[in-house]
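> Structure, please.
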Amino acid sequence: MTDDTVDPLTVDLATRYLGLDLAHPVVPSASPLTADLDHLHTLAEAGAAAVVLPSLFEEQLEHEAMAIFHGQEWSAGSFQEATSGFWPEMETYNTGPGPYLDLIRAAKRELSVPVIASLNGTSRGGWTLYAKVLEDAGIDALELNIYLVAANPEVSSGEIEYRYLQLVQTVRNAVTVPLAVKLGPFFSSTAHMARRLVDAGADGLVLFNRFYQPDIDLERMEVVPNLMLSTPAELRLVLRWMAILHGNVACSLAATTGIDGPEEAIKLVLAGADVTMMASGLLRHGPARLGETVDGLRSWLEERGYESLAQAKGSLSQKSVPDPSAYERANYMQALVSYSPPW
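Numbers count the residues shown, from 1 in each chain. Okay, the predicted model is just below:
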């Protein structure tokens, strides 16, 4: 006699990212939704497997410190007491990343999922200093959000790549927590650069950093920022390189940009992603989208007889498909030849 009260076995969605065991591969990436504790609680309750905090920018810390410094210099001569303790000592004044560190500590104390910090620096000294500060605050892993626009025609591609590698190696030597590098796709040999980053100390790669492009305001005749949420149409670039890198680099792989729901997450898992990171999808649809994506992923795998996420992961990567050239030039030619205009 069978026990009808026993739930049927469901597919095991467990995955491993940066050495962290996660319940499933859907993770909120850095965005305004991960910038405060209330939203982090909401995301955790919605089923987040881990959370990535917004980037801590070195420029913001420098600006804050310099504002205090200039205030001290400008006012010191106006007060006789200034030379005898009117202003607090700079090393005791809170010009550091206080609120960010408070958020880390609170998240680690109140959430049951891994907390990944994000750091965006401008100097090697700043990267290493704040990486250590974040590690000491108790983060589970660190994402290096490298944003470097190669605009100087005097700087070669080799020098740009060297800066990336030196940065990763320097931070790796400064901290012991797992490191992920969030990189852009604009390298002449992305696969080779990915392998070199791993050799330099990266435990994971996040594909890809979505560089926000400036716009021109025709009325004001000014260059202005223009933030637009990503859409599934932007998934293709990530999908291609995820499939190419899976099995070719000895590190964790995370996908970001263009993940709006279950369909995009499924595709990226099949291409080889260990985790799929959502930002625009959550901002557009709300935190509940996270649970919907997890449920959709589970249902798709169950309907096709998969027992685990690991069984499906990378099954359509370049190494696993019958025609590996589909991820390279052959796809380009086939797309052009097969396209028919609607008119």
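> From now on I want contacts and neighbour counts done on CA atoms only, so please keep to that.
OK.
> Over to residue 26: give its phi and psi.
With angles defined as degrees, to the nearest 10, residue 26 sits at phi -100, psi 120.
> in the stretch 101-250 of the chain, which segments are predicted with low confidence?
122-124 (pLDDT under 70).
> switch the cut-off to 90
Within the stretch 101-250 of the chain, the ranges that satisfy pLDDT under 90 run 120-130, 146-152, 155, 157, 160, 184-188, 209-215, 217, 225-231.
> Would you map the helices across the stretch 201-343 of the chain?
For the stretch 201-343 of the chain, the helices defined by DSSP state H, counting those that start in this stretch cover 235-245, 262-271, 280-285, 288-303, 309-312, 329-338.
> Looking at those, spot the one closest to residue 12.
Taking CA to CA, helix 309-312 is the member of the helices of the stretch 201-343 of the chain nearest to residue 12, at 6.1 Å.
> If you count neighbours, what's buried in the closest one?
309, 310, 312 (16 or more other CA atoms under 10 Å).
> Settle this for me: the second one is touching residue 24, isn't it.
This means residue 310. No. Taking contacts as CA atoms under 8 Å, residue 310 lies outside contact range of residue 24: 10.5 Å.
> What ranges does the stretch 1-150 of the chain have for its strands?
Ranges of strands within the stretch 1-150 of the chain are 15-17, 20-22, 26-28, 51-57, 115-120, 141-145, based on DSSP state E, counting those that start in this stretch.
> got the angle for the following helix or strand past the last one vs strand 141-145?
The first helix or strand that comes after strand 141-145 along the chain, using DSSP states H and E, is helix 157-174. Here helix 157-174 points in a direction 160 degrees away from that of strand 141-145 (axes from the mean of the first three to the mean of the last three CA atoms, to 10 degrees).
> got the contact list for helix 157-174?
Helix 157-174 is contacted by residues 124, 127-128, 131-132, 146, 150, 179, 181, 193, 196-197, 200-202 when judged by CA atoms under 8 Å, 6 or more residues apart in numbering.
> for those residues, which one is nearest residue 327?
When these are compared for distance to residue 327 (CA to CA), residue 193 comes out closest, at 18.2 Å.
> starting at the chain centroid, how far to whatever helix or strand that closest one lives in?
Assigned by DSSP H and E, residue 193 belongs to helix 190-200. Computed by CA atoms, centre = their mean, to the nearest Å, the separation of helix 190-200 from the middle of its chain amounts to 17 Å.
> That'll do, ta.
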